[in-house]
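Participant: Fold the stuff below for me.
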Amino acid sequence: MFRPAVLALLTVSSAAVAGDDLPPPPAELTTKRLDFKGGSPIIPVRLMEGFTEVTLIGRGRLRFRIPGTPEKFVEGPSGMEWKVRRTKGTPAAIVARIQVAEVPFNDKLGLAQAQQEWSERGLQLKSQILGGVYGIAGKVIDNRRYVLVVDQPPAPPESLAAQQAEILQKFQVRTSLLEDVKSKGTISLELLDGSGGVVAKSDDRLTAESPDGAPIEVKRVEYGVGYDFHNFEDRAYRGAILMTSDRAGKIAVINQVDLEDLLKGLVPSEIFAKGHPEALKAQAVTARGEVLAKIGLKHLADPYVLCTEQHCAVYKGVGGEAPTTNAAVEATRGEASFDANDRLVDSVYSAVCGGHTENNDIVWGGVPNPSLRGRPDVMPGKAPAPAPGDGLTKFLTADAVHACKVSSFAQLTKYRWEKRFTAKEVDEKLASFGVGRVMAMNVTERGVSGRARLLQISGEEGATTLRGELTIRRTFGMLNSAMFELKAEKDPKGKPVTWVFTGGGWGHGVGMCQTGAIGRAEAGQTYKQILDHYFNGAQVARIY
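Facilitator: Prediction:
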């Protein structure tokens with residue numbers, strides 16, 4: 001039941017409502033390419049999934065698209081509550097292969113070497129290209145890369161867990177799953193008005209849009225899934241809200257949002273919103289480049305390209321925005337960093353570099369990226385600091401004027417830190433490697449910043465080597481960084497009692513140091529100068 005004074009059911013073509021400036025629905029919900037024809041692209045971002053009912057409230061007029069021939073619209077006034085309910089659905093059939101490595105697209109030698117290395121270990125691999133290449137405004141956005149997967153028929157993801165565990169135990173390599181959709185999930189939805197009456201039905205999707213351009217409130221948005229801060233919160237979003245089938249055949253709630261509006265809700269979650277305006281501009285440019293670089297690489301089996309968790313980018317919608325960061329996004333609209341060959345810089349960043357950034361290949365492997373070279377982060381005009389290569393202890397204890405140390409937002413307990421583990425705790429963390437009681441641990445290879453790349457472990461029953469910055473950090477409960485010195489405190493018999501990690505920095509250390517960017521801005525550098533420093537001469541250019 002609906003009342004004409006409250007609701008309007010429109011049976012018109014999309015062109016008939018063009019006066020409200022509502023874009024047509026996407027032709028393909030799972031596309032992983034962006035459309036720049038209208039300027040800033042629209043990004044499908046998952047808000048939540050796995051639900052059977054969703055409640056929406058428009059802060060302006062709210063209009064729902066009901067697909068069909070002809071397409072229909074249902075509209076109601078500001079403040080009215082709507083419910084979208086799942087009446088039935090079937091799960092998607094998802095298959096996957098085990099992914100053991102990722103290689104930059106321009107690293108053909110590295111690709112061949114990785115395949116040969118795994119062949120010698122007894123695993124035959126096949127390569128697949130992910131990502132894509134775009135030309136826009138004379139610049140190139142190219143995020144293609146090779147992924148290496150075990151050469152075997154795709155299988156349901158849950159059936160591959162035992163094989164992944166075996167690879168981890170035998171080779172100390174953490175794998176992931178490269179998923180694909182064998183058949184899409186289905187869903188039937190019905191739209192209910194404020195009185196609980198069903199006003200529309202759809203066997204595919206419903207899209208809520210605001211003709212007034214007002215935010216749309218989604219009730220009880222789930223966030224922090226898998227983390228200790230998991231909870232629910234009412235949140236409002238710019239753009240449109242799409243409800244369609246997730247992989248379980250339940251409701252996926254997706255925000256179809258302009259990239260610039262996405263950044264407004266994203267940037268404050270990445271940097272202190274009260275930071276210097278030039279640092280906020282630098283963060284806006286890097287965040288824009290990071291989003292562009294992720295498209296087509298994540299959530300390949302889902303009807304969206306990014307999620308709102310740490311896995312992709314923390315995005316809270318309108319409630320997460322701040323006037324200062326909104327101004328930074330608007331001031332840098334359409335800008336991204338490009339290298340000397342006019343190719344998009346992989347503009348990664350970390351919270352606190354600890355005084356020296358790191359080379360990309362040390363942290364993630366692959367070929368050296370000229371834009372991601374580790375370098376000292378001493379404040380402009382200040383005396384050079386000791387180099388990590390001259391002794392990490394000397395570097396960590398030097399009284400240097402590093403940007404992330406003297407910033408007004410400096411986090412000194414992350415700039416320099418200590419982490420202690422009992423011998424029992426270390427033995428438990430390394431139990432899966434089969435080395436027995438750990439007797440010695442030594443960093444055998446470091447990057448230019450002193451970050452550990454290889455950690456050799458010797459125990460009473462064997463030895464192993466942990467490879468890679470993230471593997472090392474995760475093994476010990478996610479250390480602040482891999483920039484550390486390691487020593488053992490021993491008992492009178494010479495056996496370790498306590499392991500002490502003394503380190504610097506918070507995060508992987510590649511690219512822009514966010515706290516350092518604030519320090520540089522406070523010293524008078526512009527956002528373009530900040531990006532030039534952290535990305536080795538990268539130039540900022542507007543692409544839309």
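
Participant: So which residue is dead centre in this protein?
Facilitator: In the chain, the centroid-proximal residue (C-alpha atoms, centre = their mean) is Cys312; its distance is 2.4 Å.

Participant: That residue and Leu56, how far apart?
Facilitator: Relative to Leu56, Cys312 is positioned 23 Å away (C-beta to C-beta, to the nearest Å). All C-beta atoms are positioned from the backbone trio N, CA, C, and that covers glycine.

Participant: And Gly320, by the same measure?
Facilitator: Distance of Gly320 to Leu56, computed by C-beta to C-beta: 18 Å.

Participant: now do Ala165
Facilitator: Distance of Ala165 to Leu56, given as C-beta to C-beta: 42 Å.

Participant: same thing with His402?
Facilitator: Distance, His402 to Leu56, by C-beta to C-beta: 48 Å.

Participant: Which of these two has more residues huddled nearby?
Facilitator: His402 (27 against 21; other C-beta atoms under 10 Å).

Participant: Quick check: neighbours of the helix or strand containing Ser127 in the sheet, parallel or antiparallel?
Facilitator: For Ser127, the element it lies in under DSSP states H and E is strand 125-130. If you go by DSSP bridges, strand 125-130 pairs up with strand 145-150 (antiparallel).

Participant: Give me the angle between whatever helix or strand comes next after the strand it pairs with and strand 145-150.
Facilitator: Next helix or strand after strand 145-150 toward the C-terminus (DSSP H and E): helix 161-171. Computed by axes from the mean of the first three to the mean of the last three C-alpha atoms, to 10 degrees, the angle separating helix 161-171 from strand 145-150 equals 100 degrees.

Participant: So which bits of helix 161-171 are buried?
Facilitator: Neighbour-count burial for helix 161-171 flags Gln164, Ile167, Phe171 (criterion: 16 or more other C-beta atoms under 10 Å).

Participant: State the distance from the first one to Ile98.
Facilitator: As judged by C-beta to C-beta, Gln164 and Ile98 stand 6 Å apart.

Participant: can you check the last one too?
Facilitator: Phe171 sits 12 Å away from Ile98, going by C-beta to C-beta.

Participant: quick check, Pro211 in a helix?
Facilitator: No - counting by DSSP: H, G, I helix; E, B strand; the rest coil, Pro211 falls outside a helix, being coil.

Participant: now what about the strand holding Ser127, what contacts it?
Facilitator: With contact meaning C-beta atoms under 8 Å, 6 or more residues apart in numbering, strand 125-130 is reached by 100-101, 103, 105, 111, 114-115, 118-119, 144-151, 178, 296-297, 300.

Participant: before we move on, the earlier item: okay, and the common contacts of Gln164 and Ile98?
Facilitator: Joint contacts of Gln164 and Ile98 (C-beta under 8 Å, 6+ apart) are Thr175, Leu177.

Participant: Next secondary structure after the strand holding Ser127?
Facilitator: Using DSSP H and E, the helix or strand that directly follows strand 125-130 along the chain is strand 133-136.

Participant: Neighbouring strands of that next one in the sheet, and parallel or not?
Facilitator: strand 139-142 (antiparallel).

Participant: neighbouring contacts of the partner strand?
Facilitator: With contacts defined as C-beta under 8 Å, 6+ apart, strand 139-142 is touched by 105, 131-135, 292-293, 336, 338, 341-344, 541, 543.

Participant: per-residue confidence at Ile518?
Facilitator: Ile518 is assigned a pLDDT of 98 by the prediction.

Participant: for the one 3 residues further on, same thing?
Facilitator: Looking at Ala521, its pLDDT reads 98.

Participant: What are the phi and psi values at it?
Facilitator: Note on Ala521: its backbone torsions stand at phi -60, psi -40 [degrees, to the nearest 10].

Participant: same question, Lys414
Facilitator: phi -100, psi -30.

Participant: Is there a neighbour count for it? I'd like the number.
Facilitator: Count around Lys414 with other C-beta under 10 Å applied: 19.

Participant: Report the contact partners of it.
Facilitator: Applying C-beta under 8 Å, 6+ apart, the residues contacting Lys414 are Ala351, Val352, Asn480, Gly505, Trp506.

Participant: Select from those residues the one having the most neighbours.
Facilitator: Counting neighbours by other C-beta under 10 Å, Gly505 comes out on top of those with 34 neighbours.

Participant: Relative to Arg373, how far out is it?
Facilitator: Where Arg373 is concerned, Gly505 sits at a distance of 17 Å (C-beta to C-beta).

Participant: ditto for Gly436
Facilitator: Distance from Gly436 to Arg373, counting by C-beta to C-beta: 40 Å.

Participant: Between these two, which has more neighbouring residues?
Facilitator: Per other C-beta under 10 Å, whichever of Gly436 and Arg373 has more neighbours is Arg373, with 18 against 15.

Participant: Excluding residues flanking it in the chain, which one is nearest that one?
Facilitator: Take Arg373 and drop its neighbours on the chain: the residue closest to it by C-beta to C-beta, 6 or more residues apart in numbering is Asn536, 5.0 Å away.

Participant: residue contacts, that neighbour?
Facilitator: Contacts of Asn536 were listed using C-beta under 8 Å, 6+ apart, and they are Pro370, Ser371, Leu372, Arg373, Arg375.
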